[in-house]
Each structure stands twice: as structure tokens, then as C-alpha cells.
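[1] mind folding the following:
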Amino acid sequence: MKTLNSYLGQTRLWWLVLIVGILLVIGGFAYWFWPQAGYAVASQIFGWLLVLAGIVQLCVAAGPNHAKAWGWWIAGGIIDLFIGFMLVRSVILSELVFPYFLALIFIFWGLESFVGAGVGRRGKYWWLGLINGILLCLIGFFFFEAGYVSDMLMVSFLSAIAFIYWGFTIAIAALEMKPEQK
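    Have a look, this model is predicted:
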């Protein structure tokens with residue numbers, strides 16, 4: 001996994017990224033088991049988690065040991081902050097555009113994963129990044145479809161799966177970012 005380390009970089013703030021991943025998994029399971037909490041609550045929670053994720057991405061990119069791909073971290077952080085603040089700004093707005101924002105986020109992350117797989121082609125497990133990119137893009141396209149047909153149940157189900165999948169992906173990436181002890 002040396003290639004993944006060189007792409008993501010190593011940072012002493014790896015634990016912040018791990019905390020974000022764990023919070024997303026917990027949020028996903030909470031939404032899975034209590035969907036009656038409502039569409040508006042999910043969009044607000046997801047918005048605040050995006051704000052948190054954006055701040056963490058910008059902190060990691062600005063750190064002294066930032067990765068070669070620090071531009072992706074900055075772009076992702078800015079996009080996450082923008083979309084997160086748009087979601088928490090207005091409940092009515094967030095209910096209308098929630099699936100489309102999520103679609104854009106997941107497609108961006110899928111493309112980022114494709115680039116990471118391309119950078120790590122010489123690594124043993126480069127194809128995992130490719131599979132991750134495909135899954136993230138599929139989730140994004142499903143969100144576009146759910147928003148188009150205004151199917152709240154489908155958006156709720158996809159949101160729970162997206163929270164859980166995204167959380168595990170971020171947690172695994174955080175463990176790869178942990179500096180090696182010398």
C-alpha cells in the first residue's frame with residue numbers, strides 16, 4: 001500500500017479523518033434504522049457532516065506533510081464546504097436539491113478515486129481504487145435518478161447506504177494516512 005500512502009500522504013491529523021469516517025458510519029446506521037427521522041433531518045445532518053469533512057480536508061491539505069494530490073484535497077474541501085453550507089442554510093432548499101448535491105459529491109469522489117487508481121497503477125491493489133470509483137459514480141447516478149423521480153424513500157435508502165459506504169472509505173483512507181513509526 002505504499003502507492004496509496006504516496007497519493008494520500010501521511011499526516012499527524014489522520015485521526016481527524018478517522019473520526020469523520022466513524023461519524024458518517026454512525027449517521028448512516030442511524031438513518032437506516034430510523035428513517036422516520038425525516039428527509040429534512042437527513043439533509044441537515046449530511047450538510048453538517050459535509051462541512052466537517054470539508055474543514056478536515058482543508059486542514060490535511062494545508063498540513064506540513066501534505067500529499068502529492070493536495071489539490072484534490074483542497075478542491076474536495078471547498079466543494080464539501082459549499083454544498084454543506086447550502087444544505088444547512090435552508091431546510092426547504094436542502095429538501096429540493098439534496099439528491100442532486102449528493103449526486104455531484106459522489107461523482108466527484110468517484111472521479112477522484114479513478115485518478116488515484118491511475119496514479120497507483122504500479123501498486124498491487126490499484127484496482128480497488130477503480131472499483132471504488134465505479135461504486136461511487138453509481139451511487140451518484142442513482143441519486144440523480146432518485147431526485148428526478150422525487151422518490152423520497154429511494155433517497156432515504158441511498159442516503160443511509162452512502163453514509164455507511166463513505167464512512168468506511170474515509171476510515172480506511174485515514175488508516176493509510178497514519179505516519180509510520182520509526
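
[2] going by C-alpha atoms from here, please, whenever you check contacts or count neighbours.
    OK.

[3] could you pull out the buried residues of the host helix or strand of F82?
    Using DSSP states H and E, F82 sits in helix 70-89. Neighbour-count burial for helix 70-89 flags 70, 72-81, 83-88 (criterion: 16 or more other Cα atoms under 10 Å).

[4] quick one: mean pLDDT over stretch 129-137.
    The average pLDDT within stretch 129-137 is 87.

[5] where does the prediction get shaky in this structure?
    Counting by pLDDT under 70, the chain contains low-confidence residues at 1-11, 36-40, 65-68, 123-125, 148-151, 182.

[6] which residue ranges form the helices in it?
    2-8, 14-33, 39-62, 70-89, 91-119, 126-149, 152-177 (DSSP state H).

[7] centre of the chain to the second one, how far?
    Meaning helix 14-33. 11 Å (Cα atoms, centre = their mean, to the nearest Å).

[8] any idea of the angle it forms with helix 152-177?
    Relative orientation of helix 14-33 versus helix 152-177 (axes from the mean of the first three to the mean of the last three Cα atoms, to 10 degrees): 160 degrees.

[9] for helix 14-33, name the packing helices and strands.
    helix 39-62, helix 152-177 (3 or more Cα pairs under 8 Å, 6 or more residues apart in numbering; DSSP states H and E).
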